[in-house]
Structure formats: C-alpha cells, structure tokens
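Student: task: produce atomic coordinates for the following.
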Amino acid sequence: MDEGTDAGDDDGDGWTEAAGDCDDTRAETAPGAAERVDGLDNDCDGTVDEGTDAHDDDGDGWTEAAGDCDDANAWVWPGASELYDTLDNDCDGEVDEGTDAYDDDRDGWSEAMGDCDDTDPRQNPGSEERANGADDDCDGVVDEGTPYYDDDGDGWPEREGDCDDTDRSVYPNAPEVEDGRDQDCDGVVDETTTAYDDDGDGLSEQAGDCADTDPHILPGAEERPNDLDDDCDGVVDEGTTAYDDDGDGLSEDEGDCDDADRDVWPGAPELNDLQDNNCDGSVESYVGWQCASGGAPSGLFGIAVAAAVAGRRRRRRGE
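Tutor: Predicted coordinates for the structure are as follows:
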C-alpha cells in the first residue's frame, strides 16, 4: 500500500519518509538507527558517521581514525600544543610534557611543584644541598649548610675557619667573651677573660686569682716577704718578717724584736712591764725597786707588780 510514496515503507525498516526516514531505500537508514562508519546518515539526524571513529566529533579537524585520542575535546589532536591541563593534547601518550606541570627530568618534581631546574634530576625541593655552586634543594639559597656557605652571616664559612657557623659571634679572631665558648676559633675557651686561668695555676681571676699572670699568686698560696699579695687576701706579706703584725709601724725585718706586741719596737719608750720595749737587748727597771736576779721586783711587792703589768698588757691587747 502506498508504495513509492512518502507514506509507504519502501525499505521495510519500519519507517516511512513521511515519518522521518531519510533514505527509504536502505533498511539501515532510519531515525534512531545506530550510526555506522559507512559514509551514510544512518540515524537521519543530518550528520554522517557521528559517534564513530570516522567522524570528527569535536570539530578540531581530526577523527579518531586519523589519530585524535580524545574526539570529544577540540584541544586534543595529533600535533596540538601541549597545555598545562592534565590532558594529552598532542596525543603522543604523555601528559603536559614541556609545561610546568610535567616532570621533565623524572626526579618526581615538576616546575609547578617547585623544581627550579627541571632538566637536572639532582635539583629539586627534596634534594640535599651540596657544595657545588648550585641551588640543589631549590630554596633560593646556594650551598647553604655546607662548609662553603656562611650560614650565620658573620662573614666566615666553615671552610675558612668558622668553628661554629650557627653563631654569628663565633669566627676567627672574634673577641673572646666569658661564656664557656671558643669565640675566636683558636681552640682555647675564654682566654683573656676573667674566666680563664691565664697563668695555669688552676684558678682564674673569676675564681679569685688576684694576679692571673703569675702562677705563684693565688688564693691559698703561701705568703712570702716580697711586697706581693701571694694568697690574694688583700693583705701584703702578712705572717712574714716583712709585715708589721702588731701595727706599731715596724716589721721584724725593720728591727721589731716582738712583732706581736705594739709596745715593743726600736726606739719605743721603755715601760715597767718586764719587756724590752725599745729592742735594745735589755729590760730596764725603775730605780728604788728591790729587784731579784734579772732585775725583777721581789717579794709580795714583786707579785703585785707582775700582776698589774700582766693586766695592763692584756688590756692593751684587748684580751
């Protein structure tokens, strides 16, 4: 019925031309038919071979059959410029090569990840800095942490003698400070300061050595008659014959025959105290006394005189 007209289904595919069959002579052509690579508009939508490898679906001039690896993206086709988009734009099997997102030197870091030289696998943010004049770890600083770099900024790297390149107060010829460290890198700690034992006697000025240039002068040393404070107690020559122990103005070296009694010294007035006050070698006594042998008063009077003299001497000495 109606054969040869738009109302007749001439090819028997269930569709007439009036119903939308664009080629009623071919049973493989009808609305909704599967598009095939045959140069025909199988589904009668006005487009030939769409959705097949022979059709340029994205309009970039390349079909899948011709090598387009993503025919749904117009930025992807053989020979396209690689873009930083995580796609294989040029269909060569590699993604983003030649862009900052690509790890060109295969060290695990791309330029986008911080690789400062993506042509050298030894340079990336995870590398160890080496003394080679290059920024191995890509932190913007060259050779830091190596003997060639001045880490503390004092002008001296370890290679040139800095013995502590983490402290800018420590470098060759730096002023030494009392802090238990070797500021000037000469191998000696705190020399020239009061904390250092300059004369090697075991005590520093800080520990009480009053003359740290003389190993014979230190606290506890034996005092000698030399006009020096050998034991560092603030007194010179005490306990020696050169010292005026009783404070009468003269020492034993100067003729004091009893340097424990301030009433006895050369030229002192002679007292009736059974002492040689003027150090002339004899004990004077007063005229009119009855004296026993040796010039001492005798009897009860002598006992009384001796007691008085003894008391006088005790008072004089503050006993």
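
Student: and the most centrally placed residue in the chain, what does it touch?
Tutor: In the chain, the residue lying closest to the centroid (C-alpha atoms, centre = their mean) is T166, at 4.0 Å. Residues near T166 by C-beta atoms under 8 Å, 6 or more residues apart in numbering: 151-152. For glycine as for every other residue, the C-beta is placed from the backbone atoms N, C-alpha and C.

Student: D71 now?
Tutor: Residues near D71 by C-beta under 8 Å, 6+ apart: 55-58, 60, 62-64.

Student: make it 7 Å
Tutor: By C-beta atoms under 7 Å, 6 or more residues apart in numbering, the contact list for D71 reads 56-58, 63-64.

Student: give me the pLDDT for the residue lying closest to G202 once chain neighbours are set aside.
Tutor: Spatial nearest neighbour of G202, chain neighbours left out: L218 (7.1 Å); criterion: C-beta to C-beta, 6 or more residues apart in numbering. Note on L218: pLDDT of 96.

Student: what does R122 give?
Tutor: Confidence for R122, expressed as pLDDT, is 96.

Student: in a strand, it, correct?
Tutor: No. When the secondary structure is assigned by DSSP: H, G, I helix; E, B strand; the rest coil, R122 falls in coil instead of a strand.

Student: wait, it sits on D136?
Tutor: Yes. Counting by C-beta atoms under 7 Å, D136 is a contact partner of R122 at 6.4 Å.

Student: more neighbours, these two?
Tutor: Ranked by neighbour count (other C-beta atoms under 10 Å), R122 and D136 place D136 first, with 24 against 13.

Student: give me every residue that touches the closest residue to D45 other than its chain neighbours.
Tutor: Counting by C-beta to C-beta, 6+ apart, P31 is the residue found nearest to D45 once chain neighbours are left out, at 7.8 Å. Contact analysis of P31 by C-beta under 7 Å, 6+ apart lists 15, 20-21, 43-44.

Student: so which one among those residues has the lowest pLDDT?
Tutor: Lowest pLDDT of these: D21, 82.

Student: for the stretch 201-319 of the chain, which segments are assigned as helices?
Tutor: Along the stretch 201-319 of the chain, counting by DSSP state H, counting those that start in this stretch, helices occupy 299-317.

Student: returning to that earlier point: and the contacts of D71, which is closest to E158?
Tutor: D58 (61.2 Å; C-beta to C-beta).

Student: and the nearest residue to the closest one once chain neighbours are set aside, what pLDDT?
Tutor: Closest residue to D58 apart from its sequence neighbours, by C-beta to C-beta, 6+ apart: A74 at 4.3 Å. If you check A74, the pLDDT there is 95.

Student: burial check on A74, number of neighbours?
Tutor: 16.

Student: going forward can the numbers begin at 8, since that is how I track them
Tutor: Happy to do that; since the first residue is 8 now, the last one works out to A81.

Student: which residues sit in contact with it?
Tutor: 65-67.

Student: would JSON lines of these with pLDDT and distance to P182 be doable?
Tutor: Formatted as JSON lines, the contacts of A81 follow (pLDDT from 0 to 100; distance: C-beta to C-beta, whole Å):
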{"residue": "D65", "pLDDT": "91", "distance to P182": "75"}
{"residue": "G66", "pLDDT": "91", "distance to P182": "78"}
{"residue": "D67", "pLDDT": "93", "distance to P182": "74"}
